[in-house]
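Asker: can't give you the sequence, but here's the structure:
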């Protein structure tokens with residue numbers, strides 16, 4: 001049998017879906033600037049194609065694999081949902097309908113990338129970071145360990161859930177999201193929460209003060225006390241806005257250099273008594 005015919009009976013089992021789950025953990029290992037996540041996506045689809053095309057001839061199997069070497073790039077956790085949907089489409093469509101598989105993948109990459117980034121990178125990761133930082137600032141080693149555990153509970157858990165959920169819901173999931181615009185709504189809410197979390201994280205964990213004093217006659221004015229009377233944590237706010245401006249200006253290209261520069265500048269300013 002060379003073609004995969006649509007059928008109400010599901011051919012894929014938990015074994016194939018779990019195969020996707022284990023492979024998605026290494027999806028970024030083959031990341032490159034020519035096709036980004038393409039190789040990783042194709043690697044994740046191998047268990048599915050092996051099962052669906054088990055009895056197909058060599059030429060058909062090659063075509064099936066080549067189909068998933070089309071350009072692909074998205075946020076990995078959201079990509080798990082796309083993998084589940086793609087597996088369902090591979091199972092339900094005939095060889096004449098396989099263009100739909102490529103079209104669906106291309107159509108979901110952008111919206112799902114925004115959703116994944118908003119929920120994981122800009123919301124959950126800062127929350128985990130703030131919890132870990134609170135312990136770390138007290139010199140407690142549990143801080144980074146707790147951050148790692150909390151983040152990966154959601155990071156790994158969502159991958160497993162989305163793969164199975166995307167496969168079971170399949171095309172129905174896409175149709176429902178189009179009607180309710182739920183992806184955009186969740187993304188907007190997550191962005192708002194993410195901004196709030198980042199703001200509170202800066203205010204509670206970034207400590208910046210100056211011991212400088214200004215002498216006026218016989219009196220001396222402490223610069224930090226003057227700042228606190230005008231706007232508390234003014235230096236912290238200016239520092240955060242300055243870093244944000246530089247990251248946007250360089251489009252995130254020199255983040256590591258900025259981190260090193262901050263460390264060096266902090267040591268120099270501390271040595272000369274500019275910062276406390």
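Answerer: Everything's here; your move. The structure presented is a predicted model; accordingly, all values stated were derived computationally and were not measured.
Asker: where exactly do the strands run in the stretch 101-250 of the chain?
Answerer: With strands called from DSSP state E, counting those that start in this stretch, the stretch 101-250 of the chain shows them at 213-216, 219-222.
Asker: ok now the first one, how far from the chain's centre?
Answerer: How far strand 213-216 lies from its chain's middle: 48 Å, per CA atoms, centre = their mean, to the nearest Å.
Asker: neighbouring contacts of that strand?
Answerer: 220, 221, 222, 223 (CB atoms under 8 Å, 6 or more residues apart in numbering). C-beta coordinates here come from the backbone N, C-alpha and C atoms, glycine included.
Asker: what's the closest of the strands of the stretch 101-250 of the chain to residue 108?
Answerer: Nearest of these to residue 108, taken as CB to CB: strand 219-222 at 56.6 Å.
Asker: Tell me which two of the contacts of strand 213-216 sit farthest apart.
Answerer: Maximum distance among the contacts of strand 213-216 (CB to CB): 10.0 Å, for 220 and 223.
Asker: How far off centre is stretch 91-109?
Answerer: For stretch 91-109, the distance to the chain centre is 25 Å (CA atoms, centre = their mean).
Asker: which of the residues in that stretch are buried?
Answerer: By neighbour count, and taking 16 or more other CB atoms under 10 Å as the criterion, the buried residues in stretch 91-109 are 91, 92, 93, 98, 101, 102, 104, 105, 108, 109.
Asker: Would you format those residues as CSV with distance to residue 14 included?
Answerer: Shown next, in CSV, are the buried residues of stretch 91-109 (distance: CB to CB, whole Å):
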residue, distance to residue 14
91, 14
92, 18
93, 22
98, 24
101, 22
102, 26
104, 23
105, 23
108, 23
109, 26
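Asker: Can you list which of these are found in helices?
Answerer: Using DSSP state H, the members of the buried residues of stretch 91-109 that fall in helices are 91, 92, 101, 102, 104, 105, 108, 109.
Asker: which of the residues you listed lies closest to residue 21?
Answerer: residue 91 (17.1 Å).
Asker: Quick check: that closest one vs residue 105, distance?
Answerer: The gap separating residue 91 from residue 105 is 15 Å, by CB to CB, to the nearest Å.
Asker: re the thing from before, make TSV out of the strands of the stretch 101-250 of the chain and add mean neighbour count and mean pLDDT.
Answerer: Shown next, in TSV, are those (neighbours: other CB atoms under 10 Å; pLDDT from 0 to 100):
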stretch	mean neighbour count	mean pLDDT
strand 213-216	10	76
strand 219-222	10	76
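Asker: who are the neighbours in contact with residue 248?
Answerer: Neighbours of residue 248 in contact, by CB under 8 Å, 6+ apart: none.
Asker: now it: how far from residue 38?
Answerer: Using CB to CB, residue 248 is found at 29 Å from residue 38.
Asker: Any chance you could list what contacts stretch 223-239?
Answerer: 202, 203, 206, 207, 208, 209, 210, 211, 212, 213, 214, 276.
Asker: Enumerate every residue touching the fourth one.
Answerer: For residue 207, the contacting residues are residue 236, taking CB under 8 Å, 6+ apart as the criterion.
Asker: any idea how far residue 270 is from it?
Answerer: From residue 207 to residue 270 the distance is 12 Å (CB to CB).
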